[in-house]
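[1] Fold the following for me, if possible:
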Amino acid sequence: MCQAQVKNSSIDPATISAIILQEDPIALYSDEDGNTYEYDSEAERIAQALPSCQTYDECLDMIWDVFKEMFGPREAESRERYTNLAHAIWKLPHGQRS
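    This next block holds a predicted model:
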């Protein structure tokens with residue numbers, strides 16, 4: 001599993017944050033509030049760890065771990081909740097760099 005965090009990641013956290021907002025796995029986003037910053041902390045952590053992931057499954061596990069750490073296991077729920085998010089984010093190292 002990818003646990004090492006890479007400093008000065010070339011993955012843009014703002015791009016990751018936008019992807020997380022689209023999926024909104026914890027249901028924090030509200031169009032009315034315009035709270036587009038809700039997942040910025042999670043996006044930073046994911047951006048730092050993503051380059052060390054070697055497989056999609058490692059990416060999915062890492063994303064789930066980030067959400068469990070930030071929101072608690074109960075709120076984060078199951079690993080499967082993050083599959084769409086992980087698919088979108090996993091594509092980033094292959095062409096979406098800052």
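[2] How about residue 75: what's its closest non-neighbour residue?
    Spatial nearest neighbour of residue 75, excluding adjacent residues (CB to CB, 6 or more residues apart in numbering): residue 26 at 6.2 Å. Glycine gets a C-beta too; all of them are placed from N, C-alpha and C.
[3] give me the number of residues near the one you found?
    17 (other CB atoms under 10 Å).
[4] how near is it to residue 54?
    27 Å (CB to CB, to the nearest Å).
[5] list the contacts for the residue nearest to residue 75?
    The contact partners of residue 26, taken as CB atoms under 8 Å, 6 or more residues apart in numbering, are 67, 71, 75, 76.
[6] Now the two most distant members of those residues.
    67 and 75 (8.0 Å; CB to CB).
[7] Neighbour count for the two, which is higher?
    residue 67 (25 against 12).
[8] Was I right to think that one contacts residue 86?
    No - with contact defined as CB atoms under 8 Å, residue 67 does not reach residue 86; the gap is 10.8 Å.
[9] which SS state does residue 38 fall under?
    coil (DSSP: H, G, I helix; E, B strand; the rest coil).
[10] returning to what we had before: in helices only, show me the contacts of residue 26.
    Counted as lying in helices by DSSP state H, out of the contacts of residue 26, are 67, 71, 75, 76.
[11] if we take the residues you listed, which one ends up nearest to residue 37?
    So of the ones in helices among the contacts of residue 26, ranked by how close each gets to residue 37 (CB to CB), first place is residue 71, at 15.6 Å.
[12] Many thanks, have a good one.
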